[in-house]
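Undergrad: Here is my input; please provide its structure:
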Amino acid sequence: MDLKYCKFLIGAALSSVLVSGCAADPQGGQSQTASETNTVETNIINAMLPPSATNAQAADARRYLETYLKTNSAARHYFESLMPEVEKREHVRQAIKNAVATNTDPKVLAFHEFLSHWHLQWPVVKEGAFGEGGMGFAWNKDLHKFQGTVDATAIIEDRYVLQIILDCEVGEDFKVVTFTNLRFSFEEVKDIRVRSGGGYAIRFDSQNGKRFGLKEWQQLKEGNWDFSKIGINIISNAPIPNLRQAFE
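TA: Numbering: from 1, shown residues only. As a prediction, this is how the structure comes out:
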């Protein structure tokens with residue numbers, strides 16, 4: 001891990017809190033003791049490093065943060081002010097993960113069936129990425145709860161993209177997680193262009209997309225995964241180049 005990556009992780013940690021709508025304002029203050037600073041560093045590292053980070057990467061991040069926080073008191077106090085919100089987000093993530101693992105709601109069971117049939121892992125951990133993919137949420141100040149989604153994506157015949165999206169709500173005490181809706185999105189990929197600066201530009205065929213719910217999912221299962229049972233005609237042996245790479 002180089003310094004650029006450390007700086008990226010700091011920015012990612014800040015962005016994660018800001019996107020949630022819960023960020024605090026920067027504020028100054030008096031210097032902290034060494035032990036207090038160490039706690040802030042530990043909390044920042046725990047919150048911002050991806051689950052796939054090695055001990056060596058964590059050590060590199062700590063060395064960078066020690067220098068960064070010692071020379072920038074405003075940044076140190078800003079991070080300290082953000083930590084309660086970062087920790088709150090982690091509580092929400094854990095609540096959602098636990099609920100997905102244990103809830104017997106038919107919508108959640110369908111999510112597990114989706115993962116099992118296409119041999120998918122959830123949450124998704126990508127090397128070099130911040131945090132875990134496959135879920136997102138934000139605080140709804142009017143309802144006083146977090147609202148978000150749990151999702152996973154399967155590639156069909158190297159030509160189609162099938163996504164399952166499970167809507168959820170988490171109470172402000174993190175104890176109650178409710179799964180409110182289940183929906184599926186089926187899209188045919190028209191073509192994929194490799195961008196000169198990295199990444200992919202994906203074009204979907206808007207005429208061949210379909211949205212469906214739990215009822216059609218049950219029909220798909222009972223029909224031995226024959227998509228024609230729910231009105232979708234699959235073209236086989238006509239893969240779209242770079243499709244799997246684009247979704248890795």
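
Undergrad: Can you list the strands that the longest strand belonging to the chain pairs with?
TA: Secondary structure of the chain read by DSSP state E shows that its longest strand is strand 177-194. When pairing is defined by DSSP bridges, strand 177-194 lines up against strand 160-171 (antiparallel), strand 200-212 (antiparallel).

Undergrad: buried stuff in the shortest one?
TA: Right, strand 160-171. 160, 161, 162, 164, 165, 166, 167, 168, 169, 170 (16 or more other Cβ atoms under 10 Å). From N, CA and C alone the C-beta is placed, and that goes for glycine too.

Undergrad: quick one, what contacts the first one?
TA: Pointing back at residue 160 there. Taking Cβ atoms under 8 Å, 6 or more residues apart in numbering as the criterion, residue 160 is in contact with 186, 187, 188, 189, 234.

Undergrad: list the contacts for the residue nearest to the first one when sequence neighbours are not counted?
TA: Put plainly, it is residue 186. What sits nearest to residue 186 in space, not counting adjacent residues and going by Cβ to Cβ, 6 or more residues apart in numbering, is residue 210, at 4.5 Å. Neighbouring residues of residue 210 by Cβ under 8 Å, 6+ apart: 185, 186, 230, 231, 232.

Undergrad: do you know how far residue 210 is from residue 223?
TA: 15 Å (Cβ to Cβ, to the nearest Å).

Undergrad: surely residue 164 meets residue 186?
TA: No - Residue 164 is beyond contact range of residue 186, at 10.3 Å (criterion: Cβ atoms under 8 Å).

Undergrad: distance of residue 235 from residue 185?
TA: For residue 235, the distance to residue 185 - Cβ to Cβ - is 18 Å.

Undergrad: ugh, wrong one, I meant residue 64
TA: 40 Å.

Undergrad: Name the residue in these two with the higher neighbour count.
TA: Neighbours were counted for residue 64 and for residue 185 using other Cβ atoms under 10 Å; residue 64 has more, 20 against 15.

Undergrad: what helix or strand does that one sit in?
TA: In this assignment (DSSP states H and E), residue 64 forms part of helix 55-71.

Undergrad: Kindly report the same for residue 122.
TA: Using DSSP H and E, residue 122 is not contained in any helix or strand.

Undergrad: and the closest residue to it other than its chain neighbours, how many neighbours?
TA: Distances taken as Cβ to Cβ, 6+ apart place residue 134 nearest to residue 122, at 5.0 Å, with adjacent residues excluded. Per other Cβ under 10 Å, the neighbour tally for residue 134 reads 19.

Undergrad: how far away is residue 134 from residue 117?
TA: As judged by Cβ to Cβ, residue 134 and residue 117 stand 16 Å apart.

Undergrad: do residue 77 as well
TA: 49 Å.

Undergrad: Same drill for the two, tell me which one is more crowded.
TA: Taking neighbours as other Cβ under 10 Å, residue 77 and residue 117 compare with residue 77 leading, 19 against 12.

Undergrad: And that one, which helix or strand is it part of?
TA: Using DSSP H and E, the element containing residue 77 is helix 73-102.

Undergrad: can you check residue 239 too?
TA: Per DSSP H and E, residue 239 falls between elements, in no helix or strand.

Undergrad: now what about stretch 194-208, what contacts it?
TA: 161, 187, 188, 189, 190, 191, 192, 193, 242, 245, 246.

Undergrad: Could I get the pLDDT score of the nearest residue to residue 229 once chain neighbours are set aside?
TA: Spatial nearest neighbour of residue 229, excluding adjacent residues (Cβ to Cβ, 6+ apart): residue 223 at 3.4 Å. pLDDT, residue 223: 95.

Undergrad: Can you give me the neighbour number for residue 223?
TA: As a burial measure, residue 223 scores 12 neighbours (other Cβ under 10 Å).

Undergrad: hang on, isn't it packed against residue 232?
TA: No - the pair residue 223 / residue 232 is not scored as a contact, 11.0 Å apart, by Cβ under 8 Å.

Undergrad: Please consider this matter closed, and thank you.
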